[in-house]
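Pasted the sequence and its predicted model underneath.
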Amino acid sequence: MFGRIAQLLIKEFLQLKRDKSARFRLLIPPILQMLLFGYAATFEVFNVATAILDQDHTQESRALVAAFVHSSRFEVTTVAATRKEIENAVEVSNAQVAIVVPPGFSELLLKGQSAPIQVLVDGTNSNTALIALGYIGEIANSFGQAHALDLAQRSGRALGQPLVHVDVARRYWYNPNLNSRWFFVPGVIGTLVLVTIVNLTAFAIVREREVGTLEQLLVTPIRPVEFIIGKTLPFFFIGLVEVSIVAGVGMLWFKIPFVGNPFLLLAGTCLFLLGTLSIGLLISTICTTQQQAFASNFFVLNPMFILSGFSFPISSMPHVLQWLTLLDPLRYYLIIIRGTFLKGVGIDYLWPQMLALATIGLILLTLSVMRFRKSLD
Amino acid sequence: MMAAQSAPAIVVDKLGKRFGTFSALDAVSFDVRRGEIMGFLGPNGAGKSTLIRVLCGLLRPSSGRAVVSGIDITQDPEAVRKRIGYMSQKFSLYSDLSVVENLRFFGGIYGVCPGAINERIRFAVDMAGLQGRETSLVSTLAGGWKQRLALGCAILHKPDVLFLDEPTSGVDPSSRRRFWTLIHELSAGGVSVLVSTHYMDEAEYCMRIAMMAAGRLVALGTPRELRQQSIGGELLELECANIGAAMDLVAKIPGVHDVAVFGDALHLLVDDGAETARAACALLAEHGLPGASARQIAPSMEDMFVHLVRTARAQGAAAGT
Ligand SMILES: Nc1ncnc2c1ncn2[C@@H]1O[C@H](COP(=O)(O)OP(=O)(O)OP(=O)(O)O)[C@@H](O)[C@H]1O
Ligand SMILES: [Mg+2]
């Protein structure tokens, strides 16, 4: 039993050693995709082109404008002198946001009353607009709070209405700067590994079928389990290496903190790999050509990605789809990987995910072993 | 074990294989003795590969029974696999591994014990004449060498029975002769060989020949027996200009049962050779094809084969309606 598996492993690694492009294919694309995703897949907005009209001309109004500029979210492209100018800036030129500080702003502020500012937003790119609006609210809020605190201390007066938004603050607990890259990069690790491992496994077996070496193997006394273990174990190791590399890039390049238990992540990764290897195996038992395998992979991987909660929140999906997400191993792995990376949660919190991954993996593996018959019909 | 050795190496009894409604093998029966080389001849689609695959346990038979090396193939296919070697029609070793790496891999998969594996690899390399190429990648070997290596991989575990599916297709004549010498050596050592081929001349290398057409066994015997078997008449070889036109003309002469193209001549199966030879030449001259010559010849293996295949097809068509 172990002799045959060892022979298969030796063969796979010899072939991998000979295949110079394989080493390149295994290393470079995941790293490149990690970098690409890390920069592109973000809900954050930086350097929004902004027009400013300060009609108050006081120390307080200038401080507010400075607060916007220092956030690095906004870049002042136009300093307007009139209302007309600021409307032009949004309509004609390329300012996406305009902030107007009306006259009497500091007066209201000093009285401890609510002081309104006006914001004009180019809603063409509604996503950016909404996010920018959110930042403006936040910055203005914290400016107001700081000012109220300052005022209270100076006047010795108790704060009338504390403006503390406790519930908002709690949402961003694990990601205090609401840095969406922190949220995305761990997810990218899971997605990349899923795609790589399913592809590698499916293609490796379908290729042997296509060139005829599988037929030669089927007439030997090798057992299906031996064949499947010998054929998938290399990809299990490759998967572990891939996770380490991609996670390394995330931590070193994007400075994503890892606060959890690495062994918990390792355990979760192993269970996730069990599922992905089995999906690859199942595809390979159904397909006879590499072209079919390619089409099937596409057909299987895309829904898995969409249903995983990687970018679309599961809670906003229709109920039927929410049920479907329960079958998606990536869904559980994302919770494990985000949980260990960002929150440092333990097995007491992640065991349902682990259990789900193990169950899905074992069912898929059993199915593929059963489907893998030692015959051609 | 003694019983298995004296009994035939392969017993096939009314074996059938259907793919959907299509019958690729139809009630095929034959025996192969121990140490015998049995050749299977047949045109494309005759069912040679299907037969070999069923006997190797790659395909499940739809009907009938087969015993290989004393074991029923449907009852214990794994035990059968330990005792057979198989070379598929398509070359199927790992081309990105070296000669020795392939041998070591298949030796290990066949469960050759680690103590014996080096000696077996040595044996296979010597037999296949691959000395000096042990570390060459298989992709760099020429066709004949690959074929011999594939044979080497198939005999590492000392099988009782070898199944070779068109092992010499696409290989030059001298490599083919060398390959057949190897097969004879193996057979002298007691290995039974079931080999399929497209080449009529290779039939002479076999101890017995089975001819297949459309999934059925249409003849079985030694090469000598087959050549002597009546093909149902006398055979004329007709040489003339414009074979295509001549073929249609002579087919209508009474007493001509069959016309087939052989090289640049026609072979006619007729009742009376001398009479039809005169009639054919006269008919061709009448239709503007003078200078034809016809002579009576002894049927070759190929004539025999063409005749059998046509008869089988005609029967198949009759049975089909
Ligand atoms: N898996 C299959 N499914 C359906 N039909 C098949 C299958 N395998 C073979 N056949 C059909 O069975 C018939 C016999 O095929 P087989 O490969 O046994 O012929 P062969 O004698 O080996 O021919 P060749 O000389 O071309 O190798 C063919 O008509 C083929 O199309
Ligand atoms: Mg064939």
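Now that the structure is in, tell me what you want to look at. Ligands and ions are numbered 1, 2, ... in the order given.

CA only for contacts and neighbour counts going forward, please
OK.

that's a strand at B:Lys17, yeah?
Yes. B:Lys17: assigned to a strand according to DSSP: H, G, I helix; E, B strand; the rest coil.

What helices and strands are in contact with the helix or strand hosting A:Phe272?
Assigned by DSSP states H and E, A:Phe272 belongs to helix A:262-286. On a contact count with 3 or more Cα pairs under 8 Å, 6 or more residues apart in numbering or on different chains; DSSP states H and E, helix A:262-286 meets helix A:180-211, helix A:224-252, helix A:290-307, helix A:329-338, helix A:347-371.

between that helix and helix A:290-307, how big is the angle?
Taking axes from the mean of the first three to the mean of the last three Cα atoms, to 10 degrees, one finds that helix A:262-286 is oriented at 140 degrees with respect to helix A:290-307.

Figure out how far helix A:262-286 is from the centre of its chain.
Its chain's C-alpha centre and that of helix A:262-286 lie 19 Å apart, by Cα atoms, centre = their mean, to the nearest Å.

Residues touching it, excluding its own?
With Cα atoms under 8 Å, 6 or more residues apart in numbering or on different chains as the test, helix A:262-286 has contacts from A:194, A:197-203, A:205-206, A:232, A:235-236, A:239-240, A:293, A:296-297, A:329-330, A:333, A:336-337, A:340, A:346-347, A:354, A:357-358, A:360-362, A:364-365, A:367-368, A:371-372.

Ok, stretch A:328-342 next?
Stretch A:328-342 has contacts (Cα under 8 Å, 6+ apart) with A:174-175, A:182-183, A:186-187, A:190-191, A:194, A:256-262, A:264-265, A:268-269, A:272, A:275-276, A:304-305, A:307-310, A:325, A:345-346, A:350, A:353-354, A:356-357, A:360.

What's the mean pLDDT across the helix holding A:Phe272?
The average pLDDT within helix A:262-286 is 93.

now swap in stretch A:111-129 and tell me
Per-residue pLDDT values across stretch A:111-129 average out to 73.

mind listing what's buried in it?
Buried residues in stretch A:111-129, defined by neighbour count with 16 or more other Cα atoms under 10 Å in any protein chain shown: A:Gly112, A:Ala115, A:Leu120, A:Val121, A:Asp122, A:Thr128, A:Ala129.

Inside helices: which ones of these?
A:Thr128, A:Ala129 (DSSP state H).

Tabulate the buried residues of stretch A:111-129 in TSV, adding columns for distance to A:Ala148.
Below are the buried residues of stretch A:111-129 laid out as TSV (distance: Cα to Cα, whole Å):
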residue	distance to A:Ala148
A:Gly112	7
A:Ala115	12
A:Leu120	26
A:Val121	27
A:Asp122	31
A:Thr128	30
A:Ala129	28
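
farthest pair in the buried residues of stretch A:111-129?
A:Gly112 and A:Thr128 (32.2 Å; Cα to Cα).

looking at chain A, which helix or strand is least sure?
None of the helices or strands of chain A scores lower by mean pLDDT, DSSP states H and E than helix A:166-171, at a mean of 28.

In contact with the residue in the stretch 251-377 of chain A that ligand 1 sits nearest to, which residues?
Across the stretch 251-377 of chain A, the shortest distance to ligand 1 (Cα to the nearest ligand atom) belongs to A:Asp377, at 6.5 Å. Counting by Cα under 8 Å, 6+ apart, A:Asp377 makes contact with B:Leu58, B:Leu59, B:Arg60.
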